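> have a look at this prediction, sequence included:
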Amino acid sequence: MDIDDLINKEDNLYIPKHSQTLMNKKNKRVVIVKRKRRGVKNTWVIVLLCIFVIVIIYSLLKIYMWNVDNNRTTDITKKIEKITDIKEIEDNSFTELVGVEDDQDNPYWYYITFPLIDVDIRELKSQNSDTVGWINVNNTNVNYPFVHTSDNDFYLNHSFDKSYNEAGWLFLDFRNDTNFSDRNNIIYAHSRLDKTMFGSLSKVLKSDWYNNKDNHIIRLSLENENTLWQIFSVYTIKSETYYITTNFNSDSEYLDFLDTIKNRSLYDFNVNLSKDDKILTLSTCYSDTERTVVHARLIKKSSKKILN
């Protein structure tokens, strides 16, 4: 018997080819199938290991870039702080109360005593001509200039100095007028994990934030006017476009809108709304599919003519 007739070995015994063919065809096929299955299994292990390595590398790269963006944002914020003087100002002859309440016990009369803030927006415009104003939300980290351009995309991934940055910047909806003449004026920003941009806005959802009524105001300083806004609704909601409606066909449609967004609130701010109210809306991500939303109504404004 030639050695070429020996094709298989099992349990340390060589099996003649003709014997395997006649007597053990099924076993031969089983052995072949087993070998093929082991080959397929090894291939899948290699594929899974490759996927795992790619995921790890991608995650590490994302973490690195996230830190780079954070550091750039911090540097830009520090530069802004150096050239910005935020002053609280007393009411003057140009101060106007808006939406005056008849009931002297209404919280409105408490909030209008808060001082406005004033920022030299012209100085900030020299750094970025898209600058519209400055926003301050009590007991959060929201204390930044905000911008406006021809779309709602650019500042999703560009910083105040217009450099590419996934942290983005605060921006007014491109549909809004920069003098805040619209009924619903909307400012967006990313909710960053390091609490920059609108990352700290989720604090408004906490009961301890709500229980301190001094937190219920937002202050803006624009180029020609300083304004005070009283918060009346905070909530989270699945991504939608209703709460960022800017145009209304009638007063009744607007009143329905106000009623809807007010009733969504997690808390009762005891605010009365009317068709004459102008509102400010802040919007940011709560999760991949949800948004944190804050609504406030204008209650005081002051022309900056006397200050300039």
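It's in.
> local confidence estimate at Ile54?
The score at Ile54 is 78. That number is its pLDDT.
> quick check: it is in a strand.
No. Secondary structure assignment places Ile54 outside any strand; it is helix (DSSP: H, G, I helix; E, B strand; the rest coil).
> next, the residue nearest to the spatial centre of the chain: phi, psi?
In the chain, the C-alpha nearest the mean C-alpha coordinate belongs to His190, at 2.8 Å (C-alpha atoms, centre = their mean). The main-chain torsion angles of His190 are listed as degrees, to the nearest 10 and equal phi -70, psi 150.
> and it, what does it touch?
Remark: with contacts taken as C-beta atoms under 8 Å, 6 or more residues apart in numbering, His190 is in contact with 156, 167-168, 197-199, 284-285. For the C-beta atoms, the positions are set from N, CA and C on the backbone; glycine is no exception.
> okay, those residues in JSON lines with pLDDT next?
Shown next, in JSON lines, are those (pLDDT from 0 to 100):
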{"residue": "Leu156", "pLDDT": "97"}
{"residue": "Ala167", "pLDDT": "94"}
{"residue": "Gly168", "pLDDT": "96"}
{"residue": "Met197", "pLDDT": "96"}
{"residue": "Phe198", "pLDDT": "97"}
{"residue": "Gly199", "pLDDT": "95"}
{"residue": "Thr284", "pLDDT": "98"}
{"residue": "Cys285", "pLDDT": "95"}
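> any chance of those in TSV, plus secondary structure, distance to Lys82 and neighbour count?
TSV is the format used below for the contacts of His190 (DSSP: H, G, I helix; E, B strand; the rest coil; distance: C-beta to C-beta, whole Å; neighbours: other C-beta atoms under 10 Å):
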residue	secondary structure	distance to Lys82	neighbour count
Leu156	helix	26	16
Ala167	coil	20	24
Gly168	coil	22	21
Met197	strand	19	23
Phe198	coil	23	27
Gly199	coil	22	20
Thr284	strand	26	22
Cys285	strand	30	20
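> now do the helices in the stretch 151-300 of the chain.
Taking DSSP state H, counting those that start in this stretch to define them, one finds helices in the stretch 151-300 of the chain at 207-211, 251-263.
> please identify the most buried of these.
Each of these was given a mean neighbour count from mean count of other C-beta atoms under 10 Å, and the largest, a mean of 15, is that of helix 251-263.
> what lies in contact with that one?
With C-beta under 8 Å, 6+ apart as the contact definition, helix 251-263 has outside contacts at 183-184, 232-233, 242-243, 245, 248, 271, 273-275, 277, 279, 293, 295.
> kindly give a single ChimeraX line that selects the buried subset of the residues you listed.
Paste this into ChimeraX to select the buried members of the contacts of helix 251-263, with burial taken from 16 or more other C-beta atoms under 10 Å:
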select :183,184,232,233,243,245,248,271,273,277,279,293,295
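> from what I see, Ser221 and Val119 are in contact.
Yes. The pair Ser221 and Val119 qualifies as a contact (C-beta atoms under 8 Å) at a distance of 4.1 Å.
> who touches both of those two?
Between them, Ser221 and Val119 have 86, 133-134 as joint contacts when contacts are counted by C-beta under 8 Å, 6+ apart.
> take these and lay them out in a markdown table including pLDDT and secondary structure.
Compiled in a markdown table, the shared contacts of Ser221 and Val119 are given as follows (pLDDT from 0 to 100; DSSP: H, G, I helix; E, B strand; the rest coil):
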| residue | pLDDT | secondary structure |
| --- | --- | --- |
| Ile86 | 95 | coil |
| Gly133 | 98 | strand |
| Trp134 | 98 | strand |
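> who wins on neighbours among those residues?
Gly133 (26 neighbours; other C-beta atoms under 10 Å).
> find the nearest non-adjacent residue to it, please.
Across the structure, with C-beta to C-beta, 6 or more residues apart in numbering as the measure, the residue nearest Gly133 apart from its sequence neighbours is Leu222 (4.2 Å).
> hmm, that neighbour is touching Val132, no?
Yes. With contact defined as C-beta under 8 Å, Leu222 reaches Val132; the gap is 6.7 Å.
> and these two? which has more neighbours close in?
Residue environment comparison for Leu222 versus Val132 gives the larger neighbour count to Val132, 25 against 19, counting by other C-beta under 10 Å.
> Asp153 and Leu170, how far apart?
If you measure Asp153 against Leu170 using C-beta to C-beta, to the nearest Å, the figure is 15 Å.
> ok, the two, which is more surrounded?
Neighbours of Asp153 and Leu170, each counted by other C-beta under 10 Å, are more numerous for Leu170; the result is 23 against 11.
> what's the pLDDT at the more buried one?
If you check Leu170, the pLDDT there is 98.
> is it true that it touches Ser191?
No. Applying C-beta under 8 Å, one finds Leu170 not in contact with Ser191, separated by 11.7 Å.
> circling back to that earlier point, now the common contact residues for Leu222 and Val132.
By the contact definition C-beta under 8 Å, 6+ apart, Leu222 and Val132 are jointly contacted by 121, 178.
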